[in-house]
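Q: coords please:
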Amino acid sequence: MSMKNKSKHKNKKFLSSSDRKTVSEVIHSNENARVLRRAIALKMADQGYSAAAIAQVGITCDKTVWNLREKYSSDGLNATLYDEKRSGKPPTITASKNQKIVAIACSKPPEGRARWTLDLLREETLKTGILKDVSREKIRLVLREHDLKPWRLKMWCVPKLDDEYIERMEDVLAIYEKPYDPDEPVVCLDEKPVQLLADKRDPQPVQSGRVARQDYEYKRNGTVNVFRAIEPKAGRHFTKVTPNRKKPKFAAFVKSIVRAYPKAKKIHLVMDNLNTHKEGSLIETFGLKEGHAIWSRVEVHHTPKHASWLNQAEIGIGIYARQCIGKNRVATIEELKTRSMAWNRDANRRKIKIDWQFTRKKARQKFGYKSGKN
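A: Model (predicted):
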């Protein structure tokens, strides 16, 4: 920066020797732009340049220079260079009001409307007196916090935060919070339908340097089921492709999980409350004695209704779907079995884990209820 034609102020230097050294260090550091501008302005003012001269080189305006000098005189260098942390504006939407907005988003939309929109939700929030004033953006942020997208047909919501919902949620989260114990592994189980699709025409050979192309036409070959289970803290995976998810298939999958932990005292099994997820499925498949013996080694933790997000197996399914299937078409169940077995071996070799962060404490804060059973 050239200062040949910049006038100097006649005032004497006002920075102390130690502060002068600090300012020089700040200027040559990686501080943010605002702090750097203030440091440069202070140094130039200390060297005798006038506020107008400093403003002319684009560092800051002359009024700000005088404010910086006064701030330094009264509060010192640190307060002049750095802003105090702001407390922030208090939230205008409390946890209870937040839940009321969520409840509206999960309810039936007004007559004649296919689904809720941000404008409709804002109108209903004001109409019902939940809030006296709220912006469209505030409503959007509430929905985003709960991963709600009412304008889509597929969405997650908490339909009713009753005692049963809280009790089950706390039970599942309590199991997740326990330290890893090989004697009592926590395994999460779920299933996923997969559609088998075949190309109608032979795919074109991939040319070097070009993106592979896939014909938009395809042939449907039916739907199969994929059972997925994961021990999140150990990174242990179980994947089984079956023609359906009926009782015998579920029973066989649970049996394979139990056999994988021969030394475990108890296996905590987290899953939803599907009608096949019962001891009866194993008894019908293996008989009373064997079915009961398998089930007795398992302690089931059912997620609340409409709360599949609490099951870490859903995350495991997402990992499997992206890494094993992706956007590729799989034409036959045999092909899917081969791919799934190969992926499962690699996932176990890599010990792909899930870092679950949602705790009972966070649940109580998020949903605005008092602590349940610990």
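Q: Tell me how many other residues crowd the closest residue to D272 other than its chain neighbours.
A: Distances taken as CB to CB, 6 or more residues apart in numbering put T303 closest to D272, at 5.2 Å, once the chain neighbours are dropped. Yep, even glycine has a C-beta here, placed from its N, CA and C like the rest. As a burial measure, T303 scores 23 neighbours (other CB atoms under 10 Å).
Q: go on, N67?
A: There are 15 residues near N67, going by other CB under 10 Å.
Q: do A39 as well
A: Quick note: A39 (other CB under 10 Å) scores 24 neighbours.
Q: Which parts of the stretch 101-250 of the chain are strands?
A: Along the stretch 101-250 of the chain, counting by DSSP state E, counting those that start in this stretch, strands occupy 186-199, 218-231, 236-242.
Q: Please point out which parts of the first one sit buried.
A: Buried residues in strand 186-199, defined by neighbour count with 16 or more other CB atoms under 10 Å: 186-192, 194, 196.
Q: again with the shortest one
A: Along strand 236-242, these residues count as buried under the neighbour rule (16+ other CB under 10 Å): 236-242.
Q: so what does that strand touch, helix or strand wise?
A: strand 186-199, strand 218-231, helix 247-259, helix 333-350 (3 or more CB pairs under 8 Å, 6 or more residues apart in numbering; DSSP states H and E).
Q: Low-confidence stretches in the stretch 1-150 of the chain?
A: For the stretch 1-150 of the chain, applying pLDDT under 70 flags the ranges 1-12, 30-31, 57-60, 85-92, 147.
Q: Is D19 in contact with N78, as I believe?
A: No: using CB atoms under 8 Å, D19 is not in contact with N78, being 9.4 Å away.
Q: CA atoms of stretch 256-270 as PDB?
A: Output of stretch 256-270 as PDB, limited to C-alpha atoms (Å, rounded to 0.1, in the frame of the first residue of the first chain):
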ATOM      1  CA  SER A 256     -28.700 -66.600  12.000                       C
ATOM      2  CA  ILE A 257     -28.100 -63.500  14.100                       C
ATOM      3  CA  VAL A 258     -28.500 -65.500  17.400                       C
ATOM      4  CA  ARG A 259     -26.000 -68.200  16.100                       C
ATOM      5  CA  ALA A 260     -23.500 -65.400  15.300                       C
ATOM      6  CA  TYR A 261     -23.300 -64.600  19.000                       C
ATOM      7  CA  PRO A 262     -22.800 -68.000  20.700                       C
ATOM      8  CA  LYS A 263     -21.100 -66.500  23.800                       C
ATOM      9  CA  ALA A 264     -23.400 -63.600  24.400                       C
ATOM     10  CA  LYS A 265     -25.500 -63.600  27.500                       C
ATOM     11  CA  LYS A 266     -28.300 -61.600  25.900                       C
ATOM     12  CA  ILE A 267     -28.800 -60.000  22.500                       C
ATOM     13  CA  HIS A 268     -30.700 -56.700  22.500                       C
ATOM     14  CA  LEU A 269     -32.700 -56.600  19.300                       C
ATOM     15  CA  VAL A 270     -34.100 -53.300  18.200                       C
END
